[in-house]
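Novice: Dropping a prediction and its sequence here:
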Amino acid sequence: PLDFRSLSCERQYREALAAVYAKGKAWLTPVEIFRPHYAEAIGRSMLSRHRQAYGPSEPLRICEVGGGTGTAALSLLGWLAKAHPEEYA
C-alpha cells in the first residue's frame with residue numbers, strides 16, 4: 001500500500017502511484033492502493049447490511065471471486081477477525 005501520511009498533495013500521490021507502476025506492477029485495484037481501509041469499508045457495509053437483513057443468528061458468508069490476488073478477502077477477513085471475532089468464527 002501507499003504511505004498516504006507521507007503525501008501532502010495530489011501530485012505526490014500521482015508520483016507515488018507512478019513509481020509503483022514503474023516497478024512492474026501492471027495494475028492496482030482500489031483495494032490494493034487503499035489497503036486496508038478500502039476492504040474494511042466494504043466489510044463494515046457488508047456486516048451492517050447482513051445484520052439488518054438476517055439478524056445476528058445467520059452466519060455471514062464471504063466469497064471473493066476474481067482474477068486478482070485475494071487482497072480484498074485477506075484485508076476484509078483480517079479486519080473481521082480483529083474487529084468482530086464473533087462473526088469471523
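Specialist: Ah, there it is.
Novice: and stretch 4-18, C-alpha only, in CSV?
Specialist: Output of stretch 4-18 as CSV, limited to C-alpha atoms (Å, rounded to 0.1, in the frame of the first residue of the first chain):
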residue,chain,number,x,y,z
PHE,A,4,-0.6,8.3,2.5
ARG,A,5,0.7,10.0,5.6
SER,A,6,3.8,11.0,3.7
LEU,A,7,1.9,12.5,0.8
SER,A,8,0.8,16.1,1.1
CYS,A,9,-0.9,16.7,-2.2
GLU,A,10,-2.4,15.1,-5.3
ARG,A,11,0.8,15.5,-7.2
GLN,A,12,2.7,13.4,-4.7
TYR,A,13,0.0,10.8,-4.7
ARG,A,14,0.2,10.5,-8.5
GLU,A,15,4.1,10.4,-8.4
ALA,A,16,4.0,7.6,-5.7
LEU,A,17,1.5,5.6,-7.7
ALA,A,18,3.6,6.1,-10.9
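Novice: How about residues contacting it?
Specialist: 2, 3, 28, 33 (CB atoms under 8 Å, 6 or more residues apart in numbering). The C-beta positions use only the backbone N, C-alpha and C, and glycine is treated the same way.
Novice: elements contacting the longest helix anywhere in the chain?
Specialist: Once the chain is assigned using DSSP state H, the helix that runs over the most residues is helix 37-54. Applying 3 or more CB pairs under 8 Å, 6 or more residues apart in numbering; DSSP states H and E, one finds that helix 37-54 makes contact with helix 30-33, helix 71-83.
Novice: how much distance is there from the longest one to the middle of the chain?
Specialist: Meaning helix 71-83. 8 Å (CA atoms, centre = their mean, to the nearest Å).
Novice: still on that earlier bit, make a markdown table from the contacts of stretch 4-18 and add distance to residue 82 and secondary structure to it.
Specialist: Formatted as a markdown table, those follow (distance: CB to CB, whole Å; DSSP: H, G, I helix; E, B strand; the rest coil):
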| residue | distance to residue 82 | secondary structure |
| --- | --- | --- |
| 2 | 22 | coil |
| 3 | 21 | coil |
| 28 | 24 | coil |
| 33 | 21 | helix |
